[in-house]
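**Student:** give me coordinates for this.
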Amino acid sequence: MRRSDLVAEREPLLRAARRRCMVGRSPDAPPLPDVGTLDTHLSAWKVEGRVPPGDAQSVLTAYQSLLAARHARDFDDLVVDAADRLDSDHRLRMRWQARFSHVCVDEFQDVDGAQLRLVRLLAEPEQNLFVVGDDDQTIYAWRLADVRRILDFGSAYPSAHRVLLATNYRCPPAVVASSARLIGVNRERFTKRIDPDPHATDGAGPRASLVVFPTQELDWPDRLAAFAARSAGDGRRACLLARTRAELAPVTLALVRGGIRHWCSVPSPLDAEPAQELVSDLRGMSRDRPPFHALLDARAARGWRRGDQRDALGEEDLAALDAMTGWSAGFRSIATFLAAMDDARARLVELRDPHAPVELVTVHAAKGREWATVIVIGFEEERFPNRRALLGATLPGRALEEERRLAYVAMTRATERLVLAFDPSRPSRFLADAGLVARAA
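**Tutor:** Residues are numbered from 1 along each chain as shown. The predicted structure is shown next:
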């Protein structure tokens, strides 16, 4: 049997498959799903056997053809194939089961169906299975995690003994109380108390443990960046936390303008691959053209516009292009815009420091981590909860509960101070769920 290569990043191959399916497609046909949606459909098809919706089937079939032509597999294939082989080969299964007297699974709430199947096969016949997880932190539905797997663990293993860790030793009492009240609204969860450390106390005055930061003024990114820098003094670290990567963009630019050292593990909007391709397009145009209209033309030529049938970009990339296009409106010529872009990227490289006291992170990337001060950006309607996540959901009620779990995870990253930044004219419904009273920072 020929050894297969591993495709670790399948978005480029999905884009190629999508482009292949665009050939000869009627201009009047509805747009094909974006790459992010296709990726979720692909995992659901491979892991759970869910038939992809009609508009995705042709693209995913083309993806599989491209994968086969490369004699390659992706990560879903690795887990599914391993489980299939153990299930079908008795001797192989016994050999691997004999290697383990006990099986421990951390972050059990995040397993998908194939991973759960693999775990259950390996844990037989002794069933010495120890899992650790928090149903309230199940936030990876787009990777096929399902809170019902941890909730139903006792049904699958009736003799299991459940140990409840009911004390939050990380957060100040005010944050524990508000976050517990928020997550208590969810129906799909274990009923439990969440108590603060009995020896912990809340901050007061300028160091209050729980405050809000209004963002209705146009200069809010600069004020928030300066606030984060002030909060990160005396060896304490501060985190600017957002629901999506795109929502970090305004504060990233504000940190650059303010000369504030910071760290972010994801590329900035200026460094996103599609943005750099558009910049290359601009460099080939007349330098006297207004950059705003030039970018619109370049995006139209590539099909990188919302609703364009040719568009294969995900929401994050489109939001990065929107941010760059909006920024370009303030410049009269491509020459001045490109000079500003080059300067901003150079300053960004200079200010990026993994040891900096200020960090920018998305909520999904923040789970398991903590900072002294956590500033949650955009704690408002259509962002928390995310409008797109709810509109595209088959079961909106369950999607809303996942959004509420995301908010809970965001709030419980703070060890000393939680700051919720939002426009007071459209506060998130989660503020009412948490029983919070607005107070200016």
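**Student:** could you pull out the strands for the protein?
**Tutor:** Assigned by DSSP state E, the chain shows strands spanning 5-7, 72-74, 103-105, 129-131, 167-168, 195-196, 210-214, 238-242, 263-264, 358-362, 371-377, 414-422.
**Student:** return the most buried member of those.
**Tutor:** Highest mean neighbour count of the strands of the chain: strand 238-242, a mean of 27 (counted as mean count of other Cβ atoms under 10 Å). For the C-beta atoms, the positions are set from N, CA and C on the backbone; glycine is no exception.
**Student:** so for it, mean pLDDT?
**Tutor:** What strand 238-242 shows for mean pLDDT is 95.
**Student:** list the contacts for E403?
**Tutor:** Neighbouring residues of E403 by Cβ atoms under 8 Å, 6 or more residues apart in numbering: F384, P385, N386, A389, L390.
**Student:** do the same with L418
**Tutor:** With contacts defined as Cβ under 8 Å, 6+ apart, the neighbours of L418 are C171, P172, V175, S209, L210, V211, T373, V374, V376, M411.
**Student:** at 10 Å instead, please
**Tutor:** 171-172, 174-175, 178-179, 208-212, 241, 373-376, 410-412 (Cβ atoms under 10 Å, 6 or more residues apart in numbering).
**Student:** quick one: which of the strands of the chain is nearest D271?
**Tutor:** Checking those against D271 by Cβ to Cβ gives strand 263-264 as the closest, at 10.1 Å.
**Student:** against V59, how distant is the closest residue to A72 other than its chain neighbours?
**Tutor:** Distances taken as Cβ to Cβ, 6 or more residues apart in numbering place D5 nearest to A72, at 4.3 Å, with adjacent residues excluded. In this view, D5 and V59 are 21 Å apart by Cβ to Cβ, to the nearest Å.
**Student:** ditto for E277
**Tutor:** Here the criterion is Cβ to Cβ. By it, E277 lies 22 Å from V59.
**Student:** neighbour count: those two, which is higher?
**Tutor:** Comparing E277 with V59 by other Cβ atoms under 10 Å, the one with more neighbours is V59, at 26 against 13.
**Student:** L42 is in contact with that one, correct?
**Tutor:** Yes - contact criterion Cβ atoms under 10 Å: V59 and L42 qualify, at 8.9 Å.
**Student:** quick check, R170 in contact with V409.
**Tutor:** No - with contact defined as Cβ under 10 Å, R170 does not count as touching V409 (11.9 Å).
**Student:** quick revisit: among the strands of the chain, which is nearest L121?
**Tutor:** Across those, L121 has its closest neighbour in strand 103-105 (9.9 Å, Cβ to Cβ).
**Student:** hang on, the earlier thing: can you list the strands of the chain in CSV and add distance to D202?
**Tutor:** Formatted as CSV, the strands of the chain follow (distance: least, Cβ to Cβ, whole Å):
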stretch, distance to D202
strand 5-7, 49
strand 72-74, 47
strand 103-105, 36
strand 129-131, 34
strand 167-168, 13
strand 195-196, 9
strand 210-214, 8
strand 238-242, 18
strand 263-264, 28
strand 358-362, 23
strand 371-377, 14
strand 414-422, 10
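**Student:** mind checking those for the one nearest to L92?
**Tutor:** Closest approach to L92 among these is made by strand 103-105 (16.8 Å; Cβ to Cβ).
**Student:** for the closest one, which strands pair with it and how are they oriented?
**Tutor:** When pairs are called by DSSP bridges, strand 103-105 turns out to pair with strand 129-131 (parallel).
**Student:** now the spatially most central residue of the chain: how far from A294?
**Tutor:** Relative to the mean C-alpha position of the chain, the nearest C-alpha, by Cα atoms, centre = their mean, is the one of H364, at 4.1 Å. Distance, H364 to A294, using Cβ to Cβ: 34 Å.
**Student:** make sure D342 is actually in contact with Q276.
**Tutor:** No - D342 lies out of contact with Q276 (Cβ under 10 Å); the separation is 11.6 Å.
**Student:** tilt between the top helix by length along the chain and strand 358-362?
**Tutor:** Longest helix of the chain, by residue count under DSSP state H: helix 334-351. In terms of direction (axes from the mean of the first three to the mean of the last three Cα atoms, to 10 degrees), helix 334-351 departs from strand 358-362 by 110 degrees.
**Student:** please name the nearest non-neighbouring residue to Q216.
**Tutor:** D423 (4.9 Å).
**Student:** so what pLDDT did A141 get?
**Tutor:** 88.
**Student:** you'd agree it is up against T40?
**Tutor:** Yes - with contact defined as Cβ under 10 Å, A141 reaches T40; the gap is 8.9 Å.
**Student:** returning to that earlier point: which residues touch the residue nearest to A72?
**Tutor:** Applying Cβ under 10 Å, 6+ apart, the residues near D5 are L67, R70, H71, A72, R73.
**Student:** out of the residues you listed, who's nearest E9?
**Tutor:** Taking Cβ to Cβ as the measure, E9 lies nearest A72 of those, at 11.6 Å.
**Student:** where does that closest one land on pLDDT?
**Tutor:** What the model reports as pLDDT for A72 is 90.
**Student:** pLDDT wise, what is E107 at?
**Tutor:** E107 carries a pLDDT score of 94 in this model.
**Student:** do you know how far it is from G368?
**Tutor:** Counting by Cβ to Cβ, the gap from E107 to G368 is 8 Å.
**Student:** quick one: which of those two has more around it?
**Tutor:** E107 (17 against 10).
**Student:** thought F190 was touching R148?
**Tutor:** No - applying Cβ under 10 Å, one finds F190 not in contact with R148, separated by 11.8 Å.
**Student:** for those two, list the residues in contact with both.
**Tutor:** Counting by Cβ under 10 Å, 6+ apart, the shared contacts of F190 and R148 are D135.
**Student:** how is this protein carved up into domains?
**Tutor:** Under the assignment automatic domain parsing, the domains of the chain span 5-74, 89-163, 173-262+353-433, 273-341.
**Student:** out of the ones you listed, which comes closest to R347?
**Tutor:** Of the domains of the chain, the one closest to R347 (Cβ to Cβ) turns out to be domain 173-262+353-433, at 5.1 Å.
**Student:** endpoints of the closest one, how far apart?
**Tutor:** For domain 173-262+353-433, the first and last residues are 17 Å from each other (Cα to Cα, to the nearest Å).
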